[in-house]
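Chemist: coordinates for the following, if possible.
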Amino acid sequence: MTEISARRDLSTLEIPTDAWTKPFWDATAEGRLLLPQCGACHTFRWPPGPFCPACRSQHTQWQPAGQGLIYSFTIIRAKDQPPTVPALIEFPEAGNIRLIAAIVDTSLDAIVIGAKVKQNWAKAGDTNVPVFTI
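Modeler: You can find the predicted model right below:
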């Protein structure tokens, strides 16, 4: 039998937001994964913040993340629990920004570095948290 990565209950997770992260969380609440890009020099940046690290502009535009790939991952096994798989997901179309997210509902055998992932969502408080499947 092949083990499947678990989807944890995040419904009670509280997501802190500020002026710079609010657009990200507003988009996830609508089921969209958007990443910040400088409106002046077009550099993608993560985490969101008030200034572009490349040109110091404060103009930010939010762009679709594009196709994600597994950059790195680990498998966590706890006694009497299905395995969980936190991963670093890279977005080449968004300046190679990397997000930490869970790989869920996926055969552990299919989880490999470089694998393309599909966006999915886990309910967390009043919004959604991005999770991924293969």
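
Chemist: against residue 35, how distant is residue 55?
Modeler: Using C-beta to C-beta, to the nearest Å, residue 55 is found at 17 Å from residue 35. Just so you know, the C-beta spots here come from the backbone N, C-alpha and C atoms, and that holds for glycine as well.

Chemist: which of the two has more neighbours?
Modeler: Neighbour comparison, residue 55 and residue 35: the larger count goes to residue 35, with 22 against 12 (by other C-beta atoms under 10 Å).

Chemist: which residues touch the residue lying closest to the more buried one once chain neighbours are set aside?
Modeler: Distance criterion C-beta to C-beta, 6 or more residues apart in numbering; nearest residue to residue 35, sequence neighbours excluded, is residue 94 at 4.6 Å. Taking C-beta atoms under 8 Å, 6 or more residues apart in numbering, we find residue 94 in contact with 35, 37, 44, 63, 65, 66.

Chemist: need the CA coordinates for stretch 71-86. PDB is fine.
Modeler: Coordinates of the C-alpha atoms in stretch 71-86 are reproduced here as PDB (Å, rounded to 0.1, in the frame of the first residue of the first chain):
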ATOM      1  CA  TYR A  71      12.300  22.700  -4.900                       C
ATOM      2  CA  SER A  72      12.700  20.800  -1.700                       C
ATOM      3  CA  PHE A  73      10.600  18.700   0.700                       C
ATOM      4  CA  THR A  74      10.600  16.500   3.700                       C
ATOM      5  CA  ILE A  75       8.300  13.700   4.900                       C
ATOM      6  CA  ILE A  76       7.300  13.900   8.600                       C
ATOM      7  CA  ARG A  77       6.000  10.700  10.100                       C
ATOM      8  CA  ALA A  78       4.400  10.800  13.600                       C
ATOM      9  CA  LYS A  79       3.100   7.700  15.400                       C
ATOM     10  CA  ASP A  80      -0.500   6.800  14.500                       C
ATOM     11  CA  GLN A  81      -0.700   9.800  12.000                       C
ATOM     12  CA  PRO A  82      -0.600   9.900   8.200                       C
ATOM     13  CA  PRO A  83       2.600  11.500   6.900                       C
ATOM     14  CA  THR A  84       2.800  15.200   6.300                       C
ATOM     15  CA  VAL A  85       4.900  16.800   3.600                       C
ATOM     16  CA  PRO A  86       6.000  20.400   4.000                       C
END
